[in-house]
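Colleague: Fold the following and give me the result.
(chains A, B, C and D)
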There are 2 protein chains.
Amino acid sequence: MNLKQLSHMLALSQTTVSRALNGYPEVNEETRRRVIDAAKRHGYRPNPSARRLATGKTGMIGYVLPTGAAVDIDPHFVEFLSGLGDYARSHELDLVLSPADADDQETTYRRIVANRQVDAVYISSPRPADRRVALVNALGIPFIVHGRSEGLDFDYPFTDIDNEGAFHEAARLLVQLGHRRLALINGDDRETFAIHRERGVRRALAASGLVLGEGHVCSLAMTEENGYRAARRLLEQSDAPTAIACSSLIMALGVVRAVRDLGLTIPDDLSLIAHDDVFPWLKPENFSVPLSTTRSSIRLAGARIAERLAARISGLEEGARGEVWPVDLVIRRSVAGAPA
Amino acid sequence: MNLKQLSHMLALSQTTVSRALNGYPEVNEETRRRVIDAAKRHGYRPNPSARRLATGKTGMIGYVLPTGAAVDIDPHFVEFLSGLGDYARSHELDLVLSPADADDQETTYRRIVANRQVDAVYISSPRPADRRVALVNALGIPFIVHGRSEGLDFDYPFTDIDNEGAFHEAARLLVQLGHRRLALINGDDRETFAIHRERGVRRALAASGLVLGEGHVCSLAMTEENGYRAARRLLEQSDAPTAIACSSLIMALGVVRAVRDLGLTIPDDLSLIAHDDVFPWLKPENFSVPLSTTRSSIRLAGARIAERLAARISGLEEGARGEVWPVDLVIRRSVAGAPA
DNA sequence: CGAAAAGACCAAAGCGCTTTGGAAGACTCT
DNA sequence: AGAGTCTTCCAAAGCGCTTTGGTCTTTTCG
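Modeller: Numbers count the residues shown, from 1 in each chain, chains lettered A, B, ... in the order given. This is a model prediction of the structure:
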């Protein structure tokens, strides 16, 4: 059932039927009702391909997915997706993932914009002076950045959490508890979130005249194994830290294992705080020693970004507003006063 | 730059240019070269919306993503996606995720087929007599099932791993080691994979005249917490098992924690084998006691399914061939002879 | 009461591609 | 030389929608 048939059946022109269905004002309310009713009865659904060709609107949001044998999509993505999908569903939006060579995402961005494949895109895991952000901004497609870049010479819309504030609070607490040697097991420090976290820790230490020692900061992909290795390295050195801030729950698993392997105890020998993105399948309160965390639901962020994307597509939102969400600091048993 | 302009520029008809570009035979090779050359020089890219409208081909594969506040997309998905994306990239395929109410995916399947939004779809986590499989089969869109359904009155193409065989081998090994009381901590037993795993365990036990005790099988969402709970329940009962087969590495984390909480030891008091989908961020060899596993890379499965989907779209593959991949049994320190 | 404005509808022109159904010219063959 | 066959190209008809630029009534108002 297409528009032609439907309009023929109603003895109206395609124009009128189209307008009636799309809520244009220049059609009699009575007629509109008839049209809508008939459309529903016959299950008429405008062909999206045709609509797309005519309007350029696709009803889809895009994401360029870096891939490659050496590239691991991290498990945060799926949680983010849950939130995004949940919102998108209620607004009849689909999400298209365009796989791209991790080292050449630019081509793909250009393609999806040139081809008008999506109405908007989001960008995640931004880095300082992120080229993707600059590109997408220049290309003029609506977008939202999940996280922040830095050092770009223009403003852009983003939704981020207060990584610096979160790690500042965490470190401040540890310092207050008497810890003097803190360490940070961070994610990939080419990404802004990791930079912000380190900055937060340093700022808290500086306020008490302390510093983050040279060998006391690690930057690694967030795997259990890397958490383990980093913790071993830190704890086996002569000026081992008495407290660790850790960028991910998965890494924290490795830290806990290292601590155990070394015959140490949390929190007696080591205090530990990790960032929790709120996975349903791994909860900090269920660690053998319940883990203190900086907590922020990445799922909620996904939903929010979908919401903003939808608003931008429909023209309800514009401009370069950035929003920064506060992060909860949740104290559990894994922190205690510094050992004597 | 569109076809009209390009053909005008070449003093050829749109027909000829289109045919030259799409490799049709009825065009002079010399002309074809000229056309291709000019297209490249002017960066001509056919508008996909227009092509879609004309041909119905979209260059996209679809996945209906169950969403909802209570629905957790599991982290396997992201690993699967890595593989799928990796292949899709090399074939210029995009993936569209259509979020759907978890309780009403049918509407969404109908929509994406009726709207010709994608060229093919894949279905994951199938259940016995899965309605999605029946629906998609009836709708006539190319598809591949990742996993298997059962009790459907038609054949369909799928790629699955030998879950039954894997758990049969695992259980057989444990029995050989003298274990008489096995338990199974399984995933959601409404899904076929879980049913197959249970079947495998039961078959191995039966071969030695043993059974899987009433209280010795758990079926739960695969979270660390559920693994912990299940293990506690099992180990605290009077006829506690001396060996556990576990459907996921994440659950195994919980099992390990429970064992530790109870003051028991692996493998002295309990042997443990889990299924490993091969995550880059959590490896069985890195468990405090290295974990024996049944191993199969879900990422490879993703790539394979993308490959088959592409083959189906281009007509290279047809029919209902199902393929079942063998699963490796990898022995590590978490298994030992049954305690005296 | 006549002119202007508003209301309700329509025909047809895109959007940019593929594909059908020729047509013109070059070649082969008897 | 004329008939038949390739080869190579083209005009135009879709695909199914939106939107421009009207027309024809009806209402409003000085």
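
Colleague: tell me the contacts of the residue in chain A positioned nearest to DNA strand D?
Modeller: Closest approach between chain A and DNA strand D, counting by Cβ to the nearest atom of the strand: A:Leu3, at 2.8 Å. Where you see a C-beta, it was placed from the backbone N, CA and C, and this is true even at glycine. Counting by Cβ atoms under 8 Å, 6 or more residues apart in numbering or on different chains, A:Leu3 makes contact with A:14, A:17-18, A:44, A:46.

Colleague: Would you state the strands of chain A in chain order?
Modeller: A:60-67, A:94-101, A:120-124, A:143-146, A:158-161, A:182-186, A:217-219, A:243-246, A:271-276, A:292-295, A:322-325, A:328-330 (DSSP state E).

Colleague: May I have the strands that pair with the first one, each with its orientation?
Modeller: Each strand that pairs with strand A:60-67, with its direction, by DSSP bridges: strand A:94-101 (parallel), strand A:120-124 (parallel).

Colleague: Could I have the CA atoms of the last one written out in PDB?
Modeller: It stands for strand A:120-124. C-alpha atoms of strand A:120-124 as PDB (Å, rounded to 0.1, in the frame of the first residue of the first chain):
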ATOM      1  CA  ALA A 120      23.100  12.900  13.600                       C
ATOM      2  CA  VAL A 121      26.100  11.200  15.100                       C
ATOM      3  CA  TYR A 122      27.700  10.800  18.500                       C
ATOM      4  CA  ILE A 123      31.400  10.600  19.300                       C
ATOM      5  CA  SER A 124      32.800   8.700  22.200                       C
END
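
Colleague: Give me the contacts around it.
Modeller: Residues outside strand A:120-124 that contact it (Cβ under 8 Å, 6+ apart): A:61-64, A:77, A:80, A:109, A:112, A:130, A:132-133, A:136, A:141-147, A:305, A:309, A:312-313.

Colleague: Run the chain-centre distance for it.
Modeller: 10 Å (Cα atoms, centre = their mean, to the nearest Å).

Colleague: which residues in the stretch 51-200 of chain A form helices?
Modeller: Ranges of helices in the stretch 51-200 of chain A, per DSSP state H, counting those that start in this stretch, are A:76-90, A:105-114, A:131-139, A:163-176, A:192-206.

Colleague: Point me to the residue sitting closest to the centre of chain A.
Modeller: A:His146 (4.7 Å; Cα atoms, centre = their mean).

Colleague: For that residue, give its distance to A:Val64.
Modeller: For A:His146, the distance to A:Val64 equals 13 Å [Cβ to Cβ, to the nearest Å].

Colleague: just A:Ile298 next, same as before
Modeller: As for A:Ile298, its distance to A:Val64 is 19 Å (criterion: Cβ to Cβ).

Colleague: neighbour count winner among the two?
Modeller: A side-by-side neighbour count of A:Ile298 and A:Val64, using other Cβ atoms under 10 Å in any protein chain shown, places A:Val64 first with 24 against 21.

Colleague: Could you measure from the more buried one over to B:Gly85?
Modeller: Distance, A:Val64 to B:Gly85, by Cβ to Cβ: 10 Å.

Colleague: returning to what we had before: how about the helices of the stretch 51-200 of chain A, which one is nearest B:Ser125?
Modeller: Nearest of the helices of the stretch 51-200 of chain A to B:Ser125, taken as Cβ to Cβ: helix A:76-90 at 13.7 Å.

Colleague: what's the angle from that closest one to helix B:105-114?
Modeller: Taking axes from the mean of the first three to the mean of the last three Cα atoms, to 10 degrees, one finds helix A:76-90 and helix B:105-114 inclined to each other by 80 degrees.

Colleague: which residues are contacting helix A:76-90?
Modeller: The contact list for helix A:76-90 (Cβ under 8 Å, 6+ apart) reads A:61, A:94-95, A:124, A:146, A:277-280, A:297-307, A:310, B:65, B:67-69, B:71-75, B:77-78, B:97, B:99-101.

Colleague: Can I get that helix as PDB, trimmed to CA atoms?
Modeller: Output of helix A:76-90 as PDB, limited to C-alpha atoms (Å, rounded to 0.1, in the frame of the first residue of the first chain):
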ATOM      1  CA  HIS A  76      31.200   0.000  28.600                       C
ATOM      2  CA  PHE A  77      29.900   0.300  25.100                       C
ATOM      3  CA  VAL A  78      27.200  -2.200  25.600                       C
ATOM      4  CA  GLU A  79      26.000  -0.500  28.700                       C
ATOM      5  CA  PHE A  80      25.900   2.800  27.000                       C
ATOM      6  CA  LEU A  81      24.000   1.200  24.200                       C
ATOM      7  CA  SER A  82      21.400   0.000  26.600                       C
ATOM      8  CA  GLY A  83      20.600   3.500  27.600                       C
ATOM      9  CA  LEU A  84      20.800   4.900  24.100                       C
ATOM     10  CA  GLY A  85      18.600   2.100  22.700                       C
ATOM     11  CA  ASP A  86      16.100   2.500  25.400                       C
ATOM     12  CA  TYR A  87      15.500   6.100  24.500                       C
ATOM     13  CA  ALA A  88      15.800   5.600  20.800                       C
ATOM     14  CA  ARG A  89      13.100   3.000  20.800                       C
ATOM     15  CA  SER A  90      10.600   5.400  22.300                       C
END
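
Colleague: what's the distance between it and the middle of its chain?
Modeller: On Cα atoms, centre = their mean, the centre of helix A:76-90 falls 10 Å from the chain's centre.

Colleague: Could you pull out the buried residues of it?
Modeller: Neighbour counts using 16 or more other Cβ atoms under 10 Å in any protein chain shown place A:76-89 of helix A:76-90 among the buried residues.

Colleague: Quick one: the residues you listed as JSON lines, columns for pLDDT too.
Modeller: Converted to JSON lines, the buried residues of helix A:76-90 look like this (pLDDT from 0 to 100):
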{"residue": "A:His76", "pLDDT": "94"}
{"residue": "A:Phe77", "pLDDT": "96"}
{"residue": "A:Val78", "pLDDT": "95"}
{"residue": "A:Glu79", "pLDDT": "96"}
{"residue": "A:Phe80", "pLDDT": "97"}
{"residue": "A:Leu81", "pLDDT": "97"}
{"residue": "A:Ser82", "pLDDT": "96"}
{"residue": "A:Gly83", "pLDDT": "97"}
{"residue": "A:Leu84", "pLDDT": "97"}
{"residue": "A:Gly85", "pLDDT": "97"}
{"residue": "A:Asp86", "pLDDT": "96"}
{"residue": "A:Tyr87", "pLDDT": "97"}
{"residue": "A:Ala88", "pLDDT": "96"}
{"residue": "A:Arg89", "pLDDT": "95"}
